[in-house]
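# build the 3D model from these lines:
(chains A and B)
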There are 2 protein chains.
Amino acid sequence: MPARIIDGRSVAQRIQSEIKSAARDFTAQAGAAPGLGVVLVGDDPASAMYVRMKRRACERAGLRSEARILPAASSQAEVECAVRGFNADANIHGILVQLPLPDHIDEEAALNEISLPKDVDGIHPLNIGRLGMRGREPTFTPATPTGVMLLIEETGETIEGKRAVVIGRSNIVGLPVALMLANANATVTICHSRTRDLPGAVKGADIVVAAVGRAEYVKGDWLKAGAIVIDVGSNSLPDPDSEKGYRYVGDIEFESARAVAGYITKVPGGVGPMTITMLLSNTLKAARRSLNE
Amino acid sequence: MPARIIDGRSVAQRIQSEIKSAARDFTAQAGAAPGLGVVLVGDDPASAMYVRMKRRACERAGLRSEARILPAASSQAEVECAVRGFNADANIHGILVQLPLPDHIDEEAALNEISLPKDVDGIHPLNIGRLGMRGREPTFTPATPTGVMLLIEETGETIEGKRAVVIGRSNIVGLPVALMLANANATVTICHSRTRDLPGAVKGADIVVAAVGRAEYVKGDWLKAGAIVIDVGSNSLPDPDSEKGYRYVGDIEFESARAVAGYITKVPGGVGPMTITMLLSNTLKAARRSLNE
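The predicted structure is shown next:
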């Protein structure tokens, strides 16, 4: 029996409609909509597309968004100034700096400018530390990892006691997903480019999260039968049959994996819509908190 | 062939003598010795003993230490006031709040009072976040985990690519050790009380770090032959043959483990002396940085 599809689009839609209704209530109470400030530096087409998608999602959910689009040659000071402008703006409740930034920009310094109550991406080191530590609570949980956890929960399977393998250890996905799975009492293994025998490690896992950025890297015969498989990757592959000349694929070889897994996400339509949804959710949360200040 | 012993006492002694010489240089330059401020609340005998050991080690290495010993019934404000006193004292370069604190004290709030440049224990959430994140550097690496890493390096074996299992996920040992092993490019599995088949997980590991706080919990036959085994536990067991009526044992069943492992630490005389040494090392580092401010 092929794996059941965990449909990120429909989960995201359900949550976004809850956000929409809560945003309407907020707007009625506060006299202004929850506001997201987006900083985009340079003209990378993928980054520009992500920003457009995020802004459109805001609009659909009744959130306001504002963008500062800076040229690729902007200085560190100009980028930080854009962030500080949003910090000071009472109508902006959440701030997103679209990554990656151009090479000449110090990413850490730029991100550290975001005031903690507006760090809706949840990737400030203080948030990551609190996320991993017992008895500590982050201001926000990071968007993509939170989306990953919700998709796993969507299966109805318990996470506690399961063996989870996270492939990739990026600051925005791999590391926080591993910490959140450990918090949910899974036994978590963090795999990466230096891992020997990755197929062997994956074979033991009840839950596999792939966030490695390599097209169709994880094969179906690596998987344990019945595993929950979450694909965070989004890689473009040349495709002459497609109108655009390319198509998006994940880090998992979908067809072979589907034959073995118990549950699996698709690319697109899996984690991607959840990332945007969690960004909206964190922005709404930030806006509500601002009322209680 | 039984495992080689990784002798924490002799490694610690070697590093402490380097610290002593560097502390002498610092004192000559600055006109005052590097200073450690210790806050101890209540009269738990083990905590009192750890504080005595730490202060004696300071003295031996040419560091100054000062203690604020507060009664168990002290208020949150009194504990935080003791920390703030050390923050304001230019002759105190590092601050240690001995854990655990009494139940009525909010540990997180108390620890958050420690100013970052003086957080020589390295367990501020910001430090833990930076420790885990790529491209971020903590102000200090936490004492016990750093000691664990140095003992592993003492074997001369490479860490990169090895499979490591960390048993326990405490804020001060398990979590940061796991992050540091991942930074050293090991493939790390975090095990804990909810892990199913712990022996099976341990069996696959080239490096085992036990920090679970259960006397002689990990058995020799769980281990892979030749593994590097680091025992962070320190548990007292009743022992009528001993003068004190008890003896200290680790989380590893030493004799059975020694027969299988490649390298192993002893309790006492393994990780313990390294913890104190790393505290001295971080205090010296903090003192040196204060000269450049």
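# so where's the longest helix in chain A?
Longest helix in chain A by number of residues (criterion: DSSP state H): helix A:8-30.
# phi and psi next, for A:R4.
Phi and psi for A:R4, reported as degrees, to the nearest 10, are phi -80, psi 140.
# and for the nearest residue to it once chain neighbours are set aside, the neighbour number?
In space, A:R4 comes closest to A:Y263 once its chain neighbours are excluded; the distance is 5.1 Å by Cβ to Cβ, 6 or more residues apart in numbering or on different chains. For every residue, glycine as well, the C-beta is placed using N, CA and C. Using other Cβ atoms under 10 Å in any protein chain shown, A:Y263 has 21 other residues around it.
# quick revisit: show me what the longest helix of chain A is packed against.
helix A:45-61, helix A:143-154, helix A:271-291 (3 or more Cβ pairs under 8 Å, 6 or more residues apart in numbering or on different chains; DSSP states H and E).
# tell me which residues in it are buried?
Residues A:8, A:11-12, A:15-16, A:19, A:22-23, A:26-27 are the ones in helix A:8-30 that count as buried (16 or more other Cβ atoms under 10 Å in any protein chain shown).
# what are the phi and psi angles of the residue nearest to A:R196 when sequence neighbours are not counted?
Leaving aside its chain neighbours, A:R196 sits nearest to B:G161 (4.9 Å; criterion: Cβ to Cβ, 6+ apart). Main-chain dihedrals, B:G161, degrees, to the nearest 10: phi 80, psi -10.
# around chain B, which positions in the stretch 51-200 of chain A sit nearby?
Within the stretch 51-200 of chain A, the positions near chain B by Cβ under 8 Å from any Cβ of the partner chain are A:107-108, A:124-136, A:160-161, A:163, A:169-171, A:175, A:178-179, A:182, A:185, A:187-192, A:194-196.
# so among the residues you listed, which ones count as buried?
Counted by 16+ other Cβ under 10 Å, these give A:107, A:124-133, A:136, A:163, A:169-171, A:175, A:178-179, A:182, A:185, A:187-192, A:195 as buried.
# tell me which of these fall in helices.
A:107, A:125-132, A:175, A:178-179, A:182.
# format those residues as a markdown table; extra columns: pLDDT.
Listed next are these as a markdown table, based on pLDDT from 0 to 100:
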| residue | pLDDT |
| --- | --- |
| A:E107 | 93 |
| A:P125 | 94 |
| A:L126 | 94 |
| A:N127 | 95 |
| A:I128 | 96 |
| A:G129 | 96 |
| A:R130 | 96 |
| A:L131 | 97 |
| A:G132 | 97 |
| A:L175 | 98 |
| A:A178 | 98 |
| A:L179 | 98 |
| A:A182 | 98 |
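# and stretch A:29-47, what's buried?
Buried residues in stretch A:29-47, counted by 16+ other Cβ under 10 Å: A:33-42, A:44, A:47.
# among the residues you listed, which lie within helices?
A:S47.
# out of the buried residues of stretch A:29-47, who's nearest A:N87?
A:N87 lies nearest to A:G37 out of the buried residues of stretch A:29-47, by Cβ to Cβ, at 8.8 Å.
# list the buried residues for the one helix or strand A:S256 maps to?
Following DSSP states H and E, one finds A:S256 within helix A:254-258. Neighbour-count burial for helix A:254-258 flags A:254, A:256-258 (criterion: 16+ other Cβ under 10 Å).
# got it, and stretch A:235-253?
Buried residues in stretch A:235-253 (16+ other Cβ under 10 Å): A:235, A:248-253.
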